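**Student:** With the sequence up front, the predicted model follows.
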Amino acid sequence: MPVIPVERKPLTLAERTYLPQIVHGLKTTFRHLVAPNVTLEYPEQRPEIPGGYRGVPTLVRDPNGREKCVSCQLCEFVCPPKAIRITPGEIAPDSPQAHVERAPQAFDIDMLRCIYCGLCQEVCPEEAIWLQTQYSMTGYTREEMVNHKDRLYELGGTLPDAHHKWDKKKAAENAAAHGGHH
Amino acid sequence: MTSPAKTELVTVNIDGKEIAVPKGTNVIEAARLVGVDVPHYCYHPKLSVVGNCRMCLVEMGMPAVDPATKAPVMDPATGCQKINWIPRPQIGCATNASPGLHIRTQTPQIRDCREGVMEFLLINHPLDCPICDQAGECKLQEQSTGYGRGYSRFVEQKNVKPKRTQLGPRVTLDDERCILCSRCIRFSKEIAKDDVLGFIDRGSYSTLTCYPGRKLENNYSLNTVDICPVGALTSTDFRFKMRVWFLKQTNSLDTESSVGANTVVWSREGVIYRITPRRNDAVNDTWMADSGRLLYKAVRAESRLTAKDSLAALLARAETILRLSPGLAAVVGSGQSSVEEQFLTRQLAHALNAPAYLVSRTAEGDGILVSADRNPNVRGALVTGLVSDLPQPYLDDLGEAIDRGDVRTVVSVGEDLMAAGLSATQLAKISVIQLGTQVCASSVAASVVIPTLTVFEKAGTMINQQFRLQRFAKAVAGPVGAFDDLEVLARLIAAAGGPAEPSDLAGVWTRLAAEIPALRGLSYAAVPETGVVLDASPWASLPFVEGESLHHRPALVAASA
């Protein structure tokens, strides 16, 4: 094995006193003493959620208060960890929303299974399921960690939707009933 | 599949592939044989051809011959006979194979045609796949992935037509989704012989409806739902229950009568959602009766029997009863049991040295797919030797034997003894060991009740009116507290002091193949999906109750009593 002799450079006077290094270190310390605080005092303080954040999946209503989900079960199908479970149901024929025909009877998302991938939102043909800004889900039991339909709508709120696809459908039906377009 | 023994074959050329098909085969079927898919909506192999959807357009040509000399015209470029292609496309469903017919399905012209037809079909179609029950098995959905535009050029308002029309007790119609293929109309007229459906109005106003004052309520109405290529006709029972892509398909049999229509059971996670027919050209074509589709409700019925005790405890009690009165037992088998169960029932009767009885169930047959014999497997009891003669509706012989005191114990394999004619006083005189799935008068009076499985929870075979041995497979698991029939019977035989019998399907089939002459050389796995016809000659003289039905002509017409 070849041996390379390395010549050690002698320390300068400044280095031998250690003072410049100490001053340099203290500079960092003093800078942080006066700099603005970067630590977030969670949970009293909450971070600002950037756009496109994928939080807890929620269900939304349209501006008229109609539940947008029609229980097509595509999210249930696409969900990789099988966190979503839907029991489809029929809207009562005397309901003002009867023309939509379908709505979920039960809609459960198991947040212990959910991986926040957002595929449910991507696949939804009715724009009914959204991963919003809520990120903190806690509970004492497994059952508490399952979001049922009521909770999902409570978390989701209203989507400022401009399509009103089903309202247009109903308007066309009404027009036809009054002798408009067949 | 049965095809006429002697059919004239003609050679046709489809997309460059030559195939010999029976003369008269249409282009869609011929193309299917060479693995070429010709998309279609209105054509159905078991219905008449109308050619109104125009989706199956193909290019067609014939070998050129000189008009004067009839000599083949050769193409110098290829050295083969020249093909005269018809410049405009033809519909495949109404084009029959003729010698030398040439078909092209993959040309730009045909692609344009299909895209054009799709665009017209989708003009007024509500794009409500998310709420449509047909999604996932919709021909329109399938073809639009191949030939749809992806966006609409139609700026006018779509048609509004009646939605949620109740055509009958079991069928709901959404007229907006209807593409006017008329399959349902033809089915009602040609197969169900109940011509209630029709189109009214013209052009884009055309609407499917029932004849005024009539309803689509015949026992075959749900077949219109099966053959509807879109989501216009939906089953009221299955409506909005589950998306079809979640459902597991299991091949099974319709056990409502001795026709033995082939079925598919659709289940998800142990819950059955619907039953649809499975094509078997020798038994039920592609149809089945509505009544058979509701049989799955028995699986989760309120009256379902389950036991809190273990099978060993139940069998111990049964053994005690059987030992109490040796030689004074009788076995009542069932025409609803599978062949394997009937064989073990016979072995049980042998082990007990007891007579075996069977109960008949008859009602009027409809001449299509519900026969007069409402037991699906009476012939199985004959073939396995459980009984040697046709069953009677009431167990009068057994009743007399009980009154005489010759019978003290009755093992009933799934039959309600009270419904079979035994009186309450007679039942009180005997100890009943009842096997079965549902609560009945007999199970209430029984000393030991051993809950067993429904046809959807076990596998086996049955022999239909044509002496066709057909398989059914296990679709869902049985409930807790219900036991496999074969295991129960095998252990009952052991409790009765009989020889060790196998309690699994393969084992029972080894015994069947060895013991039963008609089943020699067969095994459960070797039975084809379309069934195998057994030699019926030993029973040819029996006066079977079935009349004529689809694909069945009785050899001997019963002299009905």
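**Tutor:** Thanks, I have the structure now. Every value quoted in this text rests on a predicted model; they were computed, and no experiment measured them.

**Student:** middle-most residue in chain A, spatially?
**Tutor:** Nearest to the mean C-alpha position of chain A, by CA atoms, centre = their mean, lies residue A:55 at 1.9 Å.

**Student:** which ones are touching that residue?
**Tutor:** Residue A:55 sits next to A:49, A:116, A:131, A:132, A:133, A:134, A:135 when contact means CB atoms under 8 Å, 6 or more residues apart in numbering or on different chains. For glycine as for every other residue, the C-beta is placed from the backbone atoms N, C-alpha and C.

**Student:** Can you give me the distance of the residue nearest to residue B:445 when sequence neighbours are not counted to residue B:341?
**Tutor:** Closest residue to residue B:445 apart from its sequence neighbours, by CB to CB, 6 or more residues apart in numbering or on different chains: residue B:427 at 4.6 Å. Distance, residue B:427 to residue B:341, by CB to CB, to the nearest Å: 23 Å.

**Student:** cool, residue B:451 as well?
**Tutor:** 15 Å.

**Student:** Between these two, point out the one with more neighbours.
**Tutor:** The neighbour comparison of residue B:451 against residue B:341 (other CB atoms under 10 Å in any protein chain shown) goes to residue B:341, with 29 against 24.

**Student:** so the more buried one sits in a strand?
**Tutor:** No. Read with DSSP: H, G, I helix; E, B strand; the rest coil, residue B:341 is helix and lies in no strand.

**Student:** Hmm, it is touching residue B:489, no?
**Tutor:** Yes. The pair residue B:341 and residue B:489 qualifies as a contact (CB atoms under 8 Å) at a distance of 6.2 Å.

**Student:** Identify the contacts common to those two.
**Tutor:** Common neighbours of residue B:341 and residue B:489 (CB under 8 Å, 6+ apart) are residue B:413.

**Student:** Check the offset of stretch B:449-465 from the chain's centre.
**Tutor:** From the chain centre to the centre of stretch B:449-465 is a distance of 16 Å (CA atoms, centre = their mean, to the nearest Å).

**Student:** Between its first and last residues, how far does that stretch reach?
**Tutor:** Using CA to CA, to the nearest Å, the end-to-end distance of stretch B:449-465 comes to 31 Å.

**Student:** ok, now stretch B:203-222?
**Tutor:** Stretch B:203-222: ends 27 Å apart by CA to CA.

**Student:** And for stretch A:98-115?
**Tutor:** Stretch A:98-115 has its terminal residues 34 Å apart, counting by CA to CA.

**Student:** where's the helix or strand residue A:76 falls within relative to the chain centroid, distance-wise?
**Tutor:** Counting by DSSP states H and E, the element that carries residue A:76 is helix A:74-78. Helix A:74-78 sits 17 Å away from the centroid of its parent chain (CA atoms, centre = their mean).

**Student:** what do you get for stretch B:505-513?
**Tutor:** Distance, centroid of stretch B:505-513 to centroid of chain: 25 Å (CA atoms, centre = their mean).

**Student:** Report the backbone C-alpha coordinates of that stretch in CSV.
**Tutor:** This file holds the C-alpha atoms of stretch B:505-513, laid out as CSV (Å, rounded to 0.1, in the frame of the first residue of the first chain):
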residue,chain,number,x,y,z
LEU,B,505,-67.9,-33.3,-4.4
ALA,B,506,-64.9,-35.0,-6.0
GLY,B,507,-65.2,-38.0,-3.6
VAL,B,508,-68.9,-38.4,-4.2
TRP,B,509,-68.3,-38.3,-7.9
THR,B,510,-65.7,-41.1,-7.7
ARG,B,511,-68.5,-43.2,-6.1
LEU,B,512,-71.1,-42.0,-8.6
ALA,B,513,-68.9,-42.9,-11.6
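
**Student:** What is the neighbour count of residue 51?
**Tutor:** By default, I'm working from chain A. As a burial measure, residue A:51 scores 5 neighbours (other CB under 10 Å).

**Student:** sorry, should have said chain B
**Tutor:** Number of residues near residue B:51 (other CB under 10 Å) recorded here: 15.

**Student:** Output the below-cut-off pLDDT ranges for chain A.
**Tutor:** Scanning chain A for pLDDT under 70 picks out A:180-182.

**Student:** ignore the last one, chain B
**Tutor:** For chain B, residues meeting the criterion pLDDT under 70 lie at B:1-6, B:556-561.

**Student:** Mind giving me the packing neighbours of the longest helix belonging to it?
**Tutor:** What stands out as the longest helix in chain B, according to DSSP state H, is helix B:108-123. Helices and strands touching helix B:108-123, by 3 or more CB pairs under 8 Å, 6 or more residues apart in numbering or on different chains; DSSP states H and E, are strand B:57-63, helix B:139-147.

**Student:** from the ones you listed, which stretch is densest packed?
**Tutor:** strand B:57-63 (a mean of 20; mean count of other CB atoms under 10 Å in any protein chain shown).

**Student:** elements contacting that strand?
**Tutor:** By 3+ CB pairs under 8 Å, 6+ apart, strand B:57-63 packs against helix B:27-33, strand B:83-85, strand B:90-91, strand B:102-104, helix B:108-123.

**Student:** possible to save these as TSV with mean neighbour count?
**Tutor:** Formatted as TSV, those follow (neighbours: other CB atoms under 10 Å in any protein chain shown):
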stretch	mean neighbour count
helix B:27-33	21
strand B:83-85	16
strand B:90-91	20
strand B:102-104	21
helix B:108-123	16
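
**Student:** Tell me which of those lies nearest to residue B:461.
**Tutor:** Minimum separation from residue B:461 across the helices and strands packed on strand B:57-63 (CB to CB) falls at helix B:27-33, 29.5 Å.

**Student:** what about the closest one, distance to the chain center?
**Tutor:** How far helix B:27-33 lies from its chain's middle: 24 Å, per CA atoms, centre = their mean.

**Student:** before we move on, what about stretch B:514-527?
**Tutor:** Distance, centroid of stretch B:514-527 to centroid of chain: 23 Å (CA atoms, centre = their mean).

**Student:** Convert the C-alpha atoms of that stretch to PDB, please.
**Tutor:** Extracted in PDB, the C-alpha atoms of stretch B:514-527 (Å, rounded to 0.1, in the frame of the first residue of the first chain):
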ATOM      1  CA  ALA B 514     -68.300 -46.300 -10.100                       C
ATOM      2  CA  GLU B 515     -71.800 -47.200  -8.900                       C
ATOM      3  CA  ILE B 516     -74.200 -45.500 -11.300                       C
ATOM      4  CA  PRO B 517     -74.200 -47.000 -14.800                       C
ATOM      5  CA  ALA B 518     -75.600 -43.800 -16.400                       C
ATOM      6  CA  LEU B 519     -72.800 -41.700 -14.900                       C
ATOM      7  CA  ARG B 520     -69.900 -44.100 -15.700                       C
ATOM      8  CA  GLY B 521     -66.700 -42.300 -16.700                       C
ATOM      9  CA  LEU B 522     -68.000 -38.900 -15.700                       C
ATOM     10  CA  SER B 523     -66.700 -36.500 -13.000                       C
ATOM     11  CA  TYR B 524     -67.900 -33.200 -11.800                       C
ATOM     12  CA  ALA B 525     -65.100 -31.400 -13.500                       C
ATOM     13  CA  ALA B 526     -65.700 -33.200 -16.800                       C
ATOM     14  CA  VAL B 527     -69.300 -32.100 -17.100                       C
END
